[in-house]
Every structure is written in structure tokens, then in C-alpha cells.
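Colleague: pasting a predicted model and its sequence here:
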Amino acid sequence: MLPPRVLPLLLLLALTDGELLAQTKREKRVGPKEYSAGGSCDTSAWKLVFQDEFNGTTLDRTKWVTYFTYSADGSDQCPGCRVMGTSNTIFRDDLVQLRDGMLHLGVQTRAEEWYGQRKDHAGSMVHSIGDAHFNHGRFEVRCRIPKGAGLWPAFWGFGGETEIDVFEFCGEKPNWMKGSLHRWGKRKFSHTGKHKATDLSRDFHVYAVEWDGDETRWYLDDRLVHRRARYVDKRGRPLPVCDRAPGELATAPYFPKATDGINLVLDLAVSEPGGYCNAPKVPVQWPTDTRFEVDYVRVYQRMPEPHLRDRCAQQRQLLPSDANAAPPRYGETRTYTLTGPEVAVEWSTSAGLEIVERTASTVTIRVGKRPKGAQWLQANIASEPCSAGVLAPRISVAIRP
């Protein structure tokens, strides 16, 4: 991806000092040396520190905005806030929707303008805010990408001089997954890995990047498909990550900067013709169901940063809204809340109870007229974001009218 706020800087430098930006093959692969303490790799368990399961009906505005936060006040009032690099797209809110437990990012062919910039398409995006910025971690999404020439779905992180692309796809080649590392500044350094699979637009898949101090790894459905190390040999080839002796080592110039906290971005854009993807020279009308479908986004860290916490450390319980209330009588309602990390829940009850309302984490039940025997309410966890065995897949509570 090409962050819009760095584009003018790069163009200016390219025009005014081309020699400054010129890089030899070695400079693209081998950076400055630094001391490495070596030692073994950190293999401690990943802990869930951020998630959105998109189970509601509206976007959680404490976690996301629908534009780039490049303005002075964090609003969308800046030329680059709704435009991205070489895309032929302006990002619009009406194409960001939540329904059926999914985030839907849509695209339309329609003339758009933003701060004098004219584009042929409206696209959609979400950008994390608040505590959702991260140094290191596992960044995971379950989603289905769209198919179509020029479509450009992506999941990536950006902050400071660091960009990590978990994936970018071109809709005309939905079997090619591209994952990249970029370091922005007066000189740009990049590395892109490609993985050929089947047509990934046919179904949902899990994509992830693990960013540790000395290595970045890309996964497709939990299968390792690419990796890059922090340290390289004199030809730019990755050095072993674990059980390495201490000493002065050359760094990969594109490797993520450890002090740059990244925010997460999911977007669906349309490329310029001859741009990143092979977009049609004349805009086409996309089918109304063309969309980037996102089931969930989850972030894990081995050691949660100070502004984050292990969300799986909270015990999962099914608790009444008023713990001191008397048992519900016939015809009365009670609301129960499922504590712990957010999950997709399937609720079930005994025959004497009726579910009258539900949200992502709460359910309201009504007691029937003449229930027989003890009644129960049960939360069935459809997709568990925590490590297997940490939290129970089913939580029940007895209700005795």
C-alpha cells in the first residue's frame, strides 16, 4: 500500500535529488550493522490483546474510523484522508456495513471527488484507533476477498516509518497472495513475498502475520508461506533467528522498526489502470454483491504492551444483569451477559424459556406460563479466539422460576 501522506514527499525527493534515492542492489538488501545479543527465540504463548468479531449491526467507533487519520485533529478533513496512493478510489462511509456477523466493505463505480481529486470509484475502509496500535504481535483476519480485474483488497498495518502488509490481492489474480514489508522515509526500502494458491475468493480463509523482534512470518490458514529475518548476510539472505551467537550483524533495511506502533487497516479499493493491479481502462459496473467480507480481526502478543491486556485472562461467565434480583416469575424477563473475550454465540434454552432479544454478548429471556422443572440458558461458543482449553465452549446457568 502507499500511504497518501508520504506520496508528496517521495515525489519531491525523486524530482529534486534523484541521486539521493538511487539504491544499489546491495543497499536494497543489506542495511547498517548492529549488535545482536543472539540467544534462543521467544516461544511463549500468544495472548489475545485486541479483537473485533463484527457481531453487531454498527461499526464500533471506539475501535475504528472509516478514513486515514492524517489530519491534525484526527478527523477526515485532509486531502489524503480518503484517498490512497495510486488507487482510483475515494473511501466512503455508506459502503461500510455490518450484518450477519460480518464486516462488509463494498465498492461502486461512481464519480467521486475529494479535495479536488477526482476518481471513478467509491471504496471502503476501516482504520484502527485508540488503544489499537501495536509493537510486535500476531495480526490475524478471517475473510473472503472479492474477485474482479482491478479490485484491490488488503489487510495491513502502518505507523511511523513502518508498514506491514499481511496481504494484498489483485482481483484478476485471486490465487496470488502478496505480503510485504516497507520502511518509509527519505529512502524507501521494501520486500515482497508471493504465494501461489488456489482461487482464494471462493471461500473464507485465515491470513496472519507474526512480527517478532527478529523475524516476520506470513501464514495462510495457519500454514507458514513466507518469512523474513531482521539480520542478513552480506548478500542480504536471512540469517538464522534462533540459537544465534552474539555479535555485530547487518540488518535488513526493510525490516519493521521496533519503536513504530502500527495501526491496522482493512480496505477495498480499485487500482488505477496500469497501477498496482490491472484495472480496466474504462470503468466497469461492479455486481451489487461485490464486497470484501471480514469475519473477525484479532491481535495477539506474547507479552501485552502496557496499554493492552490479555483478554483471555478474564473468566467467562454467564451472569444476570442484577445478581441480587429474585428468580424471575412466570411471564417476567431477565437479561444475562456473557463475560470474557468477544465471541460468536449461539444461544439455546430449555422449553420453558423464550429468547426475546440478543446482542453480541447479552441475551434477554422470558419465562413461560407454566414451565415444568428446572430451566436453563446456555451460550454455545461458535468460534473461540483464545487458546484451546483456556475457556469452556459452553456456559450454562440454571433458572428456577
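Modeller: That came in fine, so what should we check first? Numbers count the residues shown, from 1 in each chain.
Colleague: beta partners of the residue positioned nearest the centre of the chain?
Modeller: The centroid of the chain falls nearest to residue 297 when counting by CA atoms, centre = their mean (4.8 Å). Beta bridges link residue 297 to residue 52, residue 141 when assigned by DSSP bridges.
Colleague: now do the SS call for the closest residue to residue 160 other than its chain neighbours.
Modeller: In this structure, residue 160 finds its nearest non-sequential neighbour in residue 260, 3.2 Å apart by CB to CB, 6 or more residues apart in numbering. Yep, even glycine has a C-beta here, placed from its N, CA and C like the rest. State at residue 260, reduced to three classes by DSSP: H, G, I helix; E, B strand; the rest coil: coil.
Colleague: got the contact list for residue 260?
Modeller: 135, 159-162 (CB atoms under 8 Å, 6 or more residues apart in numbering).
Colleague: measure it to residue 295 for me?
Modeller: Between residue 260 and residue 295 the distance is 28 Å, computed by CB to CB, to the nearest Å.
Colleague: what's in contact with stretch 319-337?
Modeller: Contacts of stretch 319-337 (CB under 8 Å, 6+ apart): 318, 339, 356-357, 361-371, 377, 397, 399-401.
Colleague: in helices, which of these fall?
Modeller: Judged by DSSP state H, the subset of the contacts of stretch 319-337 located in helices is empty.
Colleague: from these, which would you call buried?
Modeller: Listed as buried from the contacts of stretch 319-337 are 318, 361, 363, 365-368, 371, 377, 399, 401; burial here means 16 or more other CB atoms under 10 Å.
Colleague: okay, buried residues for stretch 342-356 please.
Modeller: Result for stretch 342-356 [16+ other CB under 10 Å]: buried residues 342-345, 347, 349-350, 352-353.
Colleague: which among these gets closest to residue 150?
Modeller: Closest approach between the buried residues of stretch 342-356 and residue 150, by CB to CB: residue 344, at 32.7 Å.
Colleague: might one say that that closest one is in contact with residue 383?
Modeller: Yes: under the criterion of CB atoms under 8 Å, residue 344 makes contact with residue 383 at 5.0 Å.
Colleague: intersection of neighbour lists for these two?
Modeller: residue 53.
Colleague: coming back round to it: for the buried ones among the contacts of stretch 319-337, work out which two are farthest apart.
Modeller: Among the buried ones among the contacts of stretch 319-337, the pair separated by the greatest distance (CB to CB) is 361 and 371, at 25.2 Å.
Colleague: how far away is residue 399 from residue 329?
Modeller: Following CB to CB, the distance that separates residue 399 from residue 329 is 11 Å.
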